[in-house]
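*Asks:* based on what follows, work out the 3D shape:
(2 chains)
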Amino acid sequence: MNFFERLQALDRRWIYIVVALAIIIPLMVPYNSDVVTTPPTENLYQLIDSYSDRPDRAILISFYHDAATMPELYPMEIAILRHCFERKIKVFTMTFIAAGAPIIDYAINTVKEEYPEIQSGVDYCNFGYKIMPMITALGMGDNIATAIDTDAEGRKLANLPIMQGIVNYNEMNLIIETSGSVAGGTWITYARSKFGANVAVGVTAVMAADEYPFLQSGQLIGMLTGLKGAAEYEKLVDVFAAYRDDYFPKGRPFSKEILRDKSINKLINITTQTQAVFSPQEYQSFLSKYPEQKAILDKIKTDQDGKVAFDVTKISAQAQKDLGDKVWNALNKKTYNILYKFKTARIGMNAQSIAHIMIFAFILIGNIGYFVTRAKDKKAAGR
Amino acid sequence: MSFETISNLVAAFFTLCIFSFLYKDNPFYQMAEQLLVGISVGYGVVYSYERIFIPWLYQPIFLKHQYILIIPALIGSLYLFRFSRNLSWLSRYPIAFSMMSVGAGVPLAMHASILVQMRQAMVPLESLNLVIIFIGTIAVLLYFYFSKAHTGLYGKFTTIGKWYMMIGFGASFGLTVMARISLLIGRIQFLVGDVLGLIK
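*Replies:* Down below sits the predicted model:
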């Protein structure tokens, strides 16, 4: 039995082990890799971003899935919610399936941990589990507060501050449905056709092919495709919405030029970052904001090729206490370290890439083995 | 031990039970599978009772005295006659009512799924993409026209349609692989990251 014949007769469980290793190793040993963003993701990001700081605009996220498709859809939801919270965009959430309700709570609570100033009923509102999609979608075209009536916490929607300036699809002019089956169907049919609302979807990769005709026809203004779409959105949030400097204290607007610029590499590293590095000018500007901590900062700073650097893992507990929460958080922010929950999809995409290479190799070797074996059989039959 | 730790350990145990099927079918796998089905149904029933039955039927009838709701409630309860061999015909009435909503949705669904799609296939061929889509649409549609034999020049053109479909199937296969691997990544991220804390 030669190599290829052995390969053909290989127990499938060995392949499972190889697949598992191809995924586990890149997850445990993450590396920085770029995720190239695509127009469907960028279009969705830009539309959501255009509602930034506008009390008369809101978006709705419809969680149309259960836990089975969470690995692909949940990072999208986290990324979109984070975008909204970073840029002060009013966001509503709802689901048409009972099993989607706890996922909404889980997603909101996960993101909200990092945004203590965000309030339910003011900055976001969870409509919760609703039935009868057609009636709800049509009803919201007339009046959202009447169609939904109460939110998931049982509060009368019309009385909530978030509803000020929000009546129907004229204001809540973007619906994003995340789904592992036919996504956006209800909203394209009722909200878009009758009221002209913008619709976008976040779908599992397996469903993407079915959604492309709607994207091409313009019925969908954007689409996030599986883990890749989620990873793209995570990156855009890090580069634009979560970006902070003196010129953009509340995040910066989307720009293709910035995406092409190499300087964004430090913003999208998915490996753990511990160094806060300042140019001399930046350090002076930083000190001017926190003059009382100057002595402590000067004491713990290190020199790195003419720049001022702080390794946050090497700062003692006492020094952290002396710096105070505000300065400590500002230093950590300067490391550009991304929390695990905000880079899940990108870490997953590393494993995805390795797994794809492995599958490609399997297909190649399998085919070579098949043709070699067939040629051998033919030769044997010829004798 | 915190609630989060316990819930993570329970989830990890059942994840491993499901994965054990990769080795071979076993009682742990079957237990996890049946628990999943049972818990999903139980959760759905309780949640619907709490979020639908109580606020939409019980409270309006008994607290707000909106007795008119008794009529749809009775019609809806006819669904339960599905379980009776002799009276199952009664369940057709609520089905007929729900079909009204299907009928109401037909014009808009026709617009969204057929008319807009057709209109988009009739745009001026201003770019290479649109030319490719145009040829593909015609070739695939003709491939499924069986009243003329697929021979000669016509046969060659319909073969182009077949190739378009092959490329489509290939793309679907690629996306399916990506989706399945993503699911596995999600579970392994949970096991290695959330449970063991080995992903930073």
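*Asks:* wait, a helix at residue A:105?
*Replies:* Yes - the assignment for residue A:105 (DSSP: H, G, I helix; E, B strand; the rest coil) places it in a helix.
*Asks:* and the closest residue to chain A within chain B, which of the three is it?
*Replies:* Here chain B gets closest to chain A at one residue, residue B:186, 2.1 Å apart by C-beta to the nearest C-beta. (C-beta placed from N, C-alpha, C; glycine too.) Assigned by three-state DSSP, the conformation of residue B:186 is helix.
*Asks:* quick one: it and residue A:72 touch, right?
*Replies:* Yes - between residue B:186 and residue A:72 there is a contact under C-beta atoms under 8 Å: 7.2 Å.
*Asks:* show me which of those two is the more surrounded one.
*Replies:* Higher neighbour count among residue B:186 and residue A:72: residue A:72, with 31 against 23, using other C-beta atoms under 10 Å in any protein chain shown.
*Asks:* confirm for me that the more buried one is in contact with residue B:181.
*Replies:* No - if you go by C-beta under 8 Å, residue A:72 and residue B:181 don't touch, sitting 10.2 Å apart.
*Asks:* nearest residue to residue A:189 in space, please, no chain neighbours.
*Replies:* Using C-beta to C-beta, 6 or more residues apart in numbering or on different chains and skipping residues adjacent in sequence, the residue nearest residue A:189 is residue B:112, 4.5 Å away.
*Asks:* quick check: phi and psi on that neighbour?
*Replies:* Backbone torsions of residue B:112, given as degrees, to the nearest 10, read phi -70, psi -40.
*Asks:* burial count for it?
*Replies:* Residue B:112 has 24 nearby residues by other C-beta under 10 Å.
*Asks:* go on, residue A:232?
*Replies:* 26.
*Asks:* so after the helix or strand hosting it, what's the next helix or strand?
*Replies:* Assessed by DSSP states H and E, residue A:232 sits inside helix A:226-236. Following helix A:226-236 in sequence order, the next helix or strand is helix A:256-260 (DSSP H and E).
*Asks:* so how far is that next one off the chain centroid?
*Replies:* 19 Å (C-alpha atoms, centre = their mean, to the nearest Å).
*Asks:* what's it in contact with?
*Replies:* Contacts to helix A:256-260, defined as C-beta atoms under 8 Å, 6 or more residues apart in numbering or on different chains, come from residues A:37, A:239-240, A:252, A:264.
*Asks:* can I get those in JSON lines including neighbour count, distance to residue A:270 and pLDDT?
*Replies:* As requested, the contacts of helix A:256-260 are exported to JSON lines (neighbours: other C-beta atoms under 10 Å in any protein chain shown; distance: C-beta to C-beta, whole Å; pLDDT from 0 to 100):
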{"residue": "A:37", "neighbour count": "20", "distance to residue A:270": "15", "pLDDT": "96"}
{"residue": "A:239", "neighbour count": "21", "distance to residue A:270": "13", "pLDDT": "96"}
{"residue": "A:240", "neighbour count": "24", "distance to residue A:270": "17", "pLDDT": "96"}
{"residue": "A:252", "neighbour count": "17", "distance to residue A:270": "21", "pLDDT": "94"}
{"residue": "A:264", "neighbour count": "16", "distance to residue A:270": "13", "pLDDT": "91"}
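*Asks:* of all those residues, which two lie farthest apart?
*Replies:* For the contacts of helix A:256-260, the farthest-apart pair by C-beta to C-beta is A:37 and A:252; their separation is 15.5 Å.
*Asks:* quick one: contacts for the residue nearest to residue A:326 when sequence neighbours are not counted?
*Replies:* In space, residue A:326 comes closest to residue A:290 once its chain neighbours are excluded; the distance is 7.4 Å by C-beta to C-beta, 6+ apart. Contact analysis of residue A:290 by C-beta under 8 Å, 6+ apart lists A:297, A:326-327, A:330.
*Asks:* so for residue A:156, what's the nearest residue that isn't a sequence neighbour?
*Replies:* Closest to residue A:156 by C-beta to C-beta, 6+ apart is residue A:150, at 5.9 Å.
*Asks:* part of a strand, is residue A:115?
*Replies:* No - using three-state DSSP, the assignment for residue A:115 is coil, not a strand.
*Asks:* now the strands for the stretch 51-200 of chain A?
*Replies:* Counting by DSSP state E, counting those that start in this stretch, the stretch 51-200 of chain A has strands at residues A:58-64, A:90-95, A:124-129, A:174-179, A:198-203.
*Asks:* in CSV: those strands, plus mean neighbour count, distance to residue A:118 and mean pLDDT.
*Replies:* Shown next, in CSV, are those (neighbours: other C-beta atoms under 10 Å in any protein chain shown; distance: least, C-beta to C-beta, whole Å; pLDDT from 0 to 100):
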stretch, mean neighbour count, distance to residue A:118, mean pLDDT
strand A:58-64, 26, 14, 97
strand A:90-95, 25, 10, 97
strand A:124-129, 23, 7, 96
strand A:174-179, 27, 18, 96
strand A:198-203, 30, 21, 96
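*Asks:* helix, strand or coil for residue B:122?
*Replies:* coil.
*Asks:* what does residue B:25 give?
*Replies:* Relying on three-state DSSP, one would call residue B:25 coil.
*Asks:* can you say which of the contacts of residue A:290 are buried?
*Replies:* With neighbours counted by 16 or more other C-beta atoms under 10 Å in any protein chain shown, the contacts of residue A:290 contain buried members at A:297, A:327, A:330.
*Asks:* make a markdown table out of those and add secondary structure.
*Replies:* Listed next are these as a markdown table, based on three-state DSSP:
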| residue | secondary structure |
| --- | --- |
| A:297 | helix |
| A:327 | helix |
| A:330 | helix |
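*Asks:* tell me which of these is nearest to chain B?
*Replies:* Out of these, the member with the shortest distance to chain B (by C-beta to the nearest C-beta) is residue A:330, at 21.9 Å.
*Asks:* does the closest one touch residue A:287 like I think?
*Replies:* No - in this structure, residue A:330 is not within contact of residue A:287 by C-beta under 8 Å, at 11.3 Å.
*Asks:* on that earlier part again, out of the strands of the stretch 51-200 of chain A, the one nearest chain B is which?
*Replies:* With C-beta to the nearest C-beta as the criterion, chain B lies closest to strand A:124-129 of those, at 5.1 Å.
*Asks:* how far off centre is the closest one?
*Replies:* 20 Å.
*Asks:* right, is that strand up against chain B?
*Replies:* Yes - counting by C-beta under 8 Å from any C-beta of the partner chain, contacts between strand A:124-129 and chain B involve A:128-129.
*Asks:* who are the packing partners of that strand?
*Replies:* The contact analysis (3 or more C-beta pairs under 8 Å, 6 or more residues apart in numbering or on different chains; DSSP states H and E) places strand A:124-129 against helix A:70-86, strand A:90-95, helix A:101-112.
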